[in-house]
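In: prediction below, plus the sequence it came from.
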Amino acid sequence: MAFRFEDLQVWQKAMDLDEQINQLSKSFPKEEIYVLTSQIRRAADSVVLNIAEGSTGQSKAVFKLFLGYSLRSAIEVVSCLFIAKKRGYINDDSFNKLYTEFEILVKMVTSLKNSF
(Lines give C-alpha, C1' and ligand atoms only; values in the text may rest on other atoms or scores of the structure.)
Protein backbone atom coordinates (compact mmCIF):
# COMPACT_ATOMS: atom_id res chain seq x y z
CA MET A 1 0.00 0.00 0.00
CA ALA A 2 1.23 3.45 -0.88
CA PHE A 3 0.25 5.37 2.26
CA ARG A 4 0.97 4.44 5.86
CA PHE A 5 -2.62 4.92 7.03
CA GLU A 6 -3.90 2.25 4.65
CA ASP A 7 -2.19 -0.42 6.76
CA LEU A 8 -3.65 0.82 10.03
CA GLN A 9 -6.46 -1.39 11.33
CA VAL A 10 -7.94 1.60 13.11
CA TRP A 11 -8.21 3.50 9.81
CA GLN A 12 -9.78 0.47 8.10
CA LYS A 13 -12.33 0.13 10.92
CA ALA A 14 -13.08 3.86 10.72
CA MET A 15 -13.61 3.57 6.95
CA ASP A 16 -16.08 0.71 7.43
CA LEU A 17 -18.02 2.66 10.04
CA ASP A 18 -17.94 5.79 7.90
CA GLU A 19 -19.70 3.89 5.13
CA GLN A 20 -22.26 2.46 7.57
CA ILE A 21 -23.05 5.95 8.86
CA ASN A 22 -23.36 7.26 5.31
CA GLN A 23 -25.81 4.50 4.41
CA LEU A 24 -27.78 4.92 7.63
CA SER A 25 -28.10 8.68 7.22
CA LYS A 26 -29.68 8.24 3.78
CA SER A 27 -32.81 7.11 5.60
CA PHE A 28 -33.07 10.30 7.70
CA PRO A 29 -35.92 12.67 6.80
CA LYS A 30 -35.24 15.23 4.08
CA GLU A 31 -35.64 18.11 6.54
CA GLU A 32 -32.52 16.83 8.31
CA ILE A 33 -30.30 16.98 5.20
CA TYR A 34 -28.58 20.22 6.25
CA VAL A 35 -28.72 19.46 9.95
CA LEU A 36 -28.30 15.99 11.48
CA THR A 37 -27.56 14.17 8.23
CA SER A 38 -24.79 16.60 7.35
CA GLN A 39 -23.42 16.66 10.90
CA ILE A 40 -23.19 12.88 11.37
CA ARG A 41 -21.61 12.40 7.95
CA ARG A 42 -19.03 15.13 8.50
CA ALA A 43 -18.16 13.73 11.94
CA ALA A 44 -17.78 10.18 10.59
CA ASP A 45 -15.63 11.47 7.72
CA SER A 46 -13.54 13.43 10.21
CA VAL A 47 -12.66 10.28 12.15
CA VAL A 48 -11.17 8.70 9.03
CA LEU A 49 -9.55 11.87 7.70
CA ASN A 50 -7.80 12.78 10.95
CA ILE A 51 -6.29 9.31 11.30
CA ALA A 52 -4.98 9.55 7.75
CA GLU A 53 -3.73 13.12 8.05
CA GLY A 54 -1.98 12.49 11.35
CA SER A 55 -0.14 9.45 10.04
CA THR A 56 1.62 11.26 7.20
CA GLY A 57 5.18 11.01 8.48
CA GLN A 58 4.92 13.93 10.86
CA SER A 59 6.13 13.64 14.44
CA LYS A 60 4.51 11.26 16.90
CA ALA A 61 3.28 14.29 18.83
CA VAL A 62 1.44 15.57 15.75
CA PHE A 63 -0.04 12.12 15.06
CA LYS A 64 -1.20 11.98 18.68
CA LEU A 65 -2.86 15.37 18.27
CA PHE A 66 -4.75 14.21 15.16
CA LEU A 67 -5.80 11.00 16.92
CA GLY A 68 -7.32 13.25 19.58
CA TYR A 69 -9.32 15.05 16.89
CA SER A 70 -10.41 11.66 15.58
CA LEU A 71 -11.59 10.62 19.05
CA ARG A 72 -13.65 13.76 19.46
CA SER A 73 -15.26 13.21 16.07
CA ALA A 74 -16.11 9.61 16.97
CA ILE A 75 -17.82 10.83 20.15
CA GLU A 76 -19.70 13.36 18.03
CA VAL A 77 -20.99 10.54 15.81
CA VAL A 78 -22.20 8.67 18.90
CA SER A 79 -23.99 11.80 20.12
CA CYS A 80 -25.63 12.14 16.71
CA LEU A 81 -26.77 8.52 16.98
CA PHE A 82 -28.43 9.35 20.28
CA ILE A 83 -30.23 12.28 18.63
CA ALA A 84 -31.31 10.11 15.70
CA LYS A 85 -32.64 7.48 18.07
CA LYS A 86 -34.51 10.03 20.18
CA ARG A 87 -36.10 11.50 17.04
CA GLY A 88 -37.16 8.03 15.88
CA TYR A 89 -34.89 7.90 12.81
CA ILE A 90 -33.14 4.70 13.88
CA ASN A 91 -34.33 1.70 15.85
CA ASP A 92 -32.74 0.24 18.97
CA ASP A 93 -30.98 -2.55 17.08
CA SER A 94 -29.25 -0.18 14.64
CA PHE A 95 -28.35 2.18 17.46
CA ASN A 96 -26.91 -0.59 19.65
CA LYS A 97 -24.89 -2.11 16.82
CA LEU A 98 -23.32 1.21 15.83
CA TYR A 99 -22.84 2.29 19.44
CA THR A 100 -20.89 -0.91 20.12
CA GLU A 101 -18.82 -0.55 16.95
CA PHE A 102 -17.92 3.05 17.80
CA GLU A 103 -17.05 2.00 21.34
CA ILE A 104 -14.57 -0.48 19.83
CA LEU A 105 -13.23 2.17 17.46
CA VAL A 106 -12.72 4.67 20.29
CA LYS A 107 -10.78 2.03 22.24
CA MET A 108 -8.63 1.33 19.17
CA VAL A 109 -7.86 5.03 18.60
CA THR A 110 -7.17 5.55 22.31
CA SER A 111 -4.85 2.56 22.39
CA LEU A 112 -2.93 3.81 19.36
CA LYS A 113 -2.75 7.30 20.84
CA ASN A 114 -1.44 5.95 24.14
CA SER A 115 1.20 3.85 22.40
CA PHE A 116 3.32 6.95 21.71
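Out: Done, it's in. Everything quoted here is computed from the prediction, not taken from an experiment.
In: alpha carbons only for contacts and neighbour counts from here, please
Out: Noted.
In: how many other residues sit next to Lys86?
Out: When neighbours are counted by other CA atoms under 10 Å, Lys86 registers 11.
In: repeat for the one 4 residues further on
Out: A count of neighbours around Ile90, defined by other CA under 10 Å, yields 18.
In: just Arg41 next, same as before
Out: 21.
In: and for Gln9?
Out: Residues lying near Gln9 (other CA under 10 Å) number 13.
In: where does the chain have low pLDDT?
Out: 1 (pLDDT under 70).
In: list the buried residues in the helix or strand harbouring Asp93.
Out: According to DSSP states H and E, Asp93 maps onto helix 92-114. Residues 95, 98-99, 101-102, 105-106, 108-110, 113 are the ones in helix 92-114 that count as buried (16 or more other CA atoms under 10 Å).
In: got the contact list for it?
Out: With contact meaning CA atoms under 8 Å, 6 or more residues apart in numbering, helix 92-114 is reached by 10, 13-14, 17, 63-64, 67-68, 70-71, 74-75, 78, 81-82, 85.
In: try 6 Å this time
Out: Lys64 (CA atoms under 6 Å, 6 or more residues apart in numbering).
In: fine, thanks again, bye for now.
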